[in-house]
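*Asks:* Just need the structure, nothing else, for what follows:
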Amino acid sequence: MNPPSLLILACALLPAALMLAAVPHRRGAPAAPAWRRFRMLAGLALAGTLASLVAQFAVPAAVALPAGLGVTRAGAWVAVLVQLLGTTIAAFSSRYLDGEPGQPRYMAALGGVLAAVHLLLLADHWLLLIAAWTAVGLALQQLLCFYTDRPFALLAAHKKRVADRLADGLLVAAAALAWHQVGSGSLSALWQTLAAGPAAWPLQASAVCLALAVVLRTALLPVHGWLIQVMEAPTPVSALLHAGVINLGGFVLIRFAPLLEAAPAARWLLVGAGLLTAVLAGLVMLTRISIKVRLAWSTVAQMGFMVMECGLGLYTLALLHLLGHSLYKAHAFLAASGAVADTRLRLMRGSAAPSLVSVVVAPLVAGAVLWAVLSAVARVLPGVGWPAWWTAVLALAWAPLLWLPSRRHPDAPTGWQGALAGAGMVAGLGLAACVGHALPFGLSDAPLAAAGWVALAGMALLYLGLMLMQTRAQLLSGWRRWSYAGFYVDEFVTRAALRLWPARWTPAAAH
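*Replies:* Numbering: from 1, shown residues only. Alright, predicted model coming up:
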């Protein structure tokens with residue numbers, strides 16, 4: 001290997017090696033020194049991910065790496081994000097778990113999760129991809145079951161185990177079909193085969209199996225229940241799961257963009273599953289009171305939105321969504337106690353529902369603002385932009401910022417001042433999306449226009465539900481009961497999972 005290849009390889013593998021080295025090797029070791037060592041190695045691993053990202057631009061792209069490994073710019077960006085979150089969560093955990101027994105076991109699982117994620121981001125072979133993703137799930141199980149006396153935590157971990165094993169089977173099937181057609185398990189060889197001509201039926205079937213595996217791994221409906229019930233795990237585990245691990249499905253879809261583009265059935269499957277999840281989970285979230293449960297349902301909805309973006313071929317926006325959602329959700333979970341206090345203060349102050357006029361006009365204003373931002377940015381960055389139907393989708397998603405609803409703070413803007421503030425936030429989000437779209441991620445979008453209009457119709461349905469809930473709540477009294485129950489989807493899935501793979505414990509015995 002030449003020096004550039006060695007540099008790329010060393011920078012890419014260093015974070016995984018350091019996180020494995022951070023795993024405590026002695027049972028019963030004092031927690032405080034072990035945490036100091038863990039935080040130090042995590043900081044070094046973060047520096048390694050930054051060096052790997054810089055190397056992507058400093059070293060020529062044509063470098064030879066060992067078989068099975070591949071470094072991409074998108075993977076380097078996600079590696080920085082994952083290690084930043086891991087380092088922050090480690091520092092938070094050392095304080096949050098102070099005095100808890102089993103902290104070395106927690107550190108071992110946390111280090112294992114981060115190391116496996118870094119290996120997954122480097123996978124250029126089906127076997128390494130499957131092994132790394134399986135290792136992530138196995139290590140995460142230890143964190144989810146940190147409190148072994150909590151029945152809902154054990155039930156959630158069991159349901160996740162069932163979903164993971166089904167996903168593993170689908171990944172193996174996807175790998176076998178692609179391997180048979182390509183003659184190799186190398187992903188680079190798969191890209192070359194796809195570039196040479198239309199995909200044969202085994203590759204089409206491989207793409208469908210991959211899409212189904214991602215649906216299972218990212219907790220889309222109907223297998224979303226375990227993600228809601230892991231609220232029984234420690235708060236930093238929730239932050240790690242919702243801000244980092246659950247987003248891996250989006251990265252895998254982005255990584256397999258050439259395969260998805262060759263299989264329309266897989267793309268429509270992702271759009272349908274993602275849209276249905278985003279709509280239903282978004283409606284359920286509004287009926288929940290618990291802060292952490294609302295955040296969990298928000299994650300389910302956001303995962304549906306991200307998977308839908310990948311199915312639509314908007315890979316750059318999906319990666320931006322992944323990065324932004326991870327940072328936001330990590331902050332939301334780690335600051336959950338502050339959110340509870342803020343919510344109580346708002347309830348004490350009271351709130352006023354938005355007017356019907358503001359709710360109806362908001363999407364039009366948001367759409368006009370986004371169109372103006374896109375037009376202005378296009379003059380500076382001609383290559384930046386997205387289809388008109390996606391502008392409408394974003395206008396519906398961000399329109400609630402202009403609703404002029406409750407007075408969340410005594411000094412909050414109201415009336416036309418609130419409308420301007422909301423329009424300013426829409427403009428800021430639109431500008432941030434445009435600037436992010438221009439970042440060197442090394443991705444190429446392939447919009448699927450027909451599915452885009454379906455996604456727009458689904459988002460319009462979601463916005464209609466939100467509008468009625470805010471302005472005509474009495475019309476939805478019966479629906480709210482179903483929505484609060486999550487439309488009873490998880491109950492059926494739980495029974496099916498326990499019949500398929502009976503648990504070794506019962507909730508009654510866990511008390």
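*Asks:* how about residue 208, what does it touch?
*Replies:* Contact analysis of residue 208 by CB atoms under 8 Å, 6 or more residues apart in numbering lists 263, 265, 266, 269. In short, each C-beta sits where N, CA and C put it, glycine included.
*Asks:* nearest residue to the most centrally placed residue in the chain other than its sequence neighbours?
*Replies:* In the chain, the centroid-proximal residue (CA atoms, centre = their mean) is residue 247; its distance is 2.8 Å. Nearest-residue entry for residue 247: residue 322, 5.0 Å, with adjacent residues in sequence omitted and distances by CB to CB, 6 or more residues apart in numbering.
*Asks:* List the buried residues for whatever helix or strand residue 9 lives in?
*Replies:* Under the criterion of DSSP states H and E, residue 9 resides in helix 3-21. For helix 3-21, burial by neighbour count (16 or more other CB atoms under 10 Å) applies to 4-5, 7-9, 11-16, 18-20.
*Asks:* shaky segments in the stretch 1-150 of the chain?
*Replies:* 1-4, 26-29, 59-65 (pLDDT under 70).
*Asks:* again, 80 this time
*Replies:* Along the stretch 1-150 of the chain, the parts satisfying pLDDT under 80 run over 1-9, 25-29, 56-67, 148-150.
*Asks:* For the contacts of residue 208, which entry has the maximal number of neighbours?
*Replies:* Greatest neighbour count in the contacts of residue 208, by other CB atoms under 10 Å, goes to residue 266: 26 neighbours.
*Asks:* next helix or strand past the helix or strand of the chain with the lowest mean pLDDT?
*Replies:* Here the helix or strand of the chain ranked lowest by mean pLDDT, DSSP states H and E is helix 336-349, holding a mean of 56. Next helix or strand after helix 336-349 toward the C-terminus (DSSP H and E): helix 356-380.
*Asks:* Please work out how many residues are found near residue 460.
*Replies:* 14.
*Asks:* hang on, isn't it packed against residue 396?
*Replies:* Yes. Residue 460 is within contact range of residue 396, at 6.2 Å (criterion: CB atoms under 8 Å).
*Asks:* Tell me how far residue 252 lies from residue 126.
*Replies:* Computed as CB to CB, to the nearest Å, the residue 252 to residue 126 distance reads 12 Å.
*Asks:* How about residue 85?
*Replies:* Between residue 85 and residue 126 the computed distance is 27 Å (CB to CB).
*Asks:* now swap in residue 472 and tell me
*Replies:* Applying CB to CB, the value for residue 472 to residue 126 is 51 Å.
*Asks:* same check, this time on residue 58
*Replies:* Applying CB to CB to residue 58 and residue 126 gives a distance of 30 Å.
*Asks:* Ok, residue 98 next?
*Replies:* For residue 98, the distance to residue 126 equals 42 Å [CB to CB].
*Asks:* Residue 183 too?
*Replies:* As judged by CB to CB, residue 183 and residue 126 stand 13 Å apart.
*Asks:* The two: who's more crowded?
*Replies:* residue 126 (23 against 10).
*Asks:* My guess is the more buried one contacts residue 185. True?
*Replies:* Yes. Using CB under 8 Å, residue 126 is in contact with residue 185, at 4.3 Å.
*Asks:* which residues do the two both contact?
*Replies:* Common neighbours of residue 126 and residue 185 (CB under 8 Å, 6+ apart) are 175, 178, 179.
*Asks:* Kindly reformat the residues you listed as JSON lines and extend each row with secondary structure, distance to residue 490 and pLDDT.
*Replies:* Formatted as JSON lines, those follow (DSSP: H, G, I helix; E, B strand; the rest coil; distance: CB to CB, whole Å; pLDDT from 0 to 100):
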{"residue": "175", "secondary structure": "helix", "distance to residue 490": "30", "pLDDT": "97"}
{"residue": "178", "secondary structure": "helix", "distance to residue 490": "33", "pLDDT": "96"}
{"residue": "179", "secondary structure": "helix", "distance to residue 490": "35", "pLDDT": "95"}
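*Asks:* May I ask which of those has the most neighbours?
*Replies:* residue 178 (29 neighbours).
*Asks:* Go ahead and confirm that residue touches residue 204.
*Replies:* No. At 10.4 Å, residue 178 does not count as touching residue 204 under the criterion of CB under 8 Å.
*Asks:* Against residue 290, how distant is residue 155?
*Replies:* Plainly put, residue 155 is 17 Å away from residue 290 if you go by CB to CB.
*Asks:* neighbour count winner among these two?
*Replies:* With neighbours defined as other CB under 10 Å, residue 155 and residue 290 compare such that residue 155 has more, 23 against 12.
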